[in-house]
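K.L.:
Could you look at this predicted model? Sequence included:
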Amino acid sequence: MKQLISFLLVLGIFISARSHAMGNRGDFVGSVGMGILTSPTLFLLSPELEYVHNQDLNIGALAQMGLGNGGVLFTASGKVRHFFGGSARVKPCVEGGLGLSLSSSLFSSAVGVHIEAGMGFDYVLEKNMSIGTMIRLNFSPPLKSFFLSWPIVTLRFLL
């Protein structure tokens, strides 16, 4: 597990070092996040791909993969992220999405609808790199489960 985390961190830094932060209209922004998912507690990997619609609005896809001894939870969602206020370096944002969730035997069903809402911020380190965090509230009605996902560190980069 430590080797996987190290590999993803190095990969994220390598890709981010060759790229730009938020992007302009028409750009695609990629990101990779690592953190925790609760209820049950699992290790979280959270890759994203977004299309920059304008400076305040990104539209894209989000995958969340919770991995642990007790089971696996996977969600794939379409999402919208809105940036607001902040300064030139700090970019607060909110997001919402709708998609599909799949789980192991820890939940009441294997497949369900996924609804997510989150808030967080990005900090622009330099022209070609930003780092951020996002706390997401997730609900899967057919799975009868509410869970919290927190990619503690997310590296964001232009593709």
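P.N.:
Everything's here; your move.

K.L.:
Who does the nearest residue to Thr154 once chain neighbours are set aside form a beta bridge with?
P.N.:
What sits nearest to Thr154 in space, not counting adjacent residues and going by C-beta to C-beta, 6 or more residues apart in numbering, is Gly33, at 3.6 Å. No exception for glycine: its C-beta is placed from N, CA and C like everyone else's. Legend: beta-bridge partners of Gly33 under DSSP bridges are Ser46, Thr154.

K.L.:
again, but for Phe83
P.N.:
Beta-bridge partners, per DSSP bridges, of Phe83: Cys93.

K.L.:
and the residue nearest to Thr154, how many neighbours does it have?
P.N.:
Gly33: 26 surrounding residues under other C-beta atoms under 10 Å.

K.L.:
all helices for this protein, in order.
P.N.:
Secondary structure of the chain, counting by DSSP state H: helices at 2-17.

K.L.:
residue closest to the middle of it?
P.N.:
Using C-alpha atoms, centre = their mean, the residue of the chain that lies closest to the mean C-alpha position is Ser46, 4.5 Å off.

K.L.:
Thought Gly66 was touching that one, still the case?
P.N.:
No. Contact criterion C-beta atoms under 8 Å: Ser46 and Gly66 do not qualify, at 9.4 Å.

K.L.:
where does this protein have low pLDDT?
P.N.:
1-22, 70, 105-109, 142 (pLDDT under 70).

K.L.:
again, only this time at 50
P.N.:
13-21, 108 (pLDDT under 50).

K.L.:
biggest strand in it, by residue count?
P.N.:
As assigned by DSSP state E, the longest strand anywhere in the chain is strand 111-126.

K.L.:
Which residues in that one does the neighbour count mark as buried?
P.N.:
Buried residues in strand 111-126, counted by 16 or more other C-beta atoms under 10 Å: 112, 114-116, 118, 120-124.

K.L.:
partner strands of that strand, parallel or antiparallel?
P.N.:
In the sheet, strand 111-126 lines up with strand 90-103 (antiparallel), strand 129-140 (antiparallel) (DSSP bridges).

K.L.:
Would you mind finding the most buried of these?
P.N.:
Across those, averaging neighbours per residue (mean count of other C-beta atoms under 10 Å) puts strand 129-140 on top, at a mean of 20.
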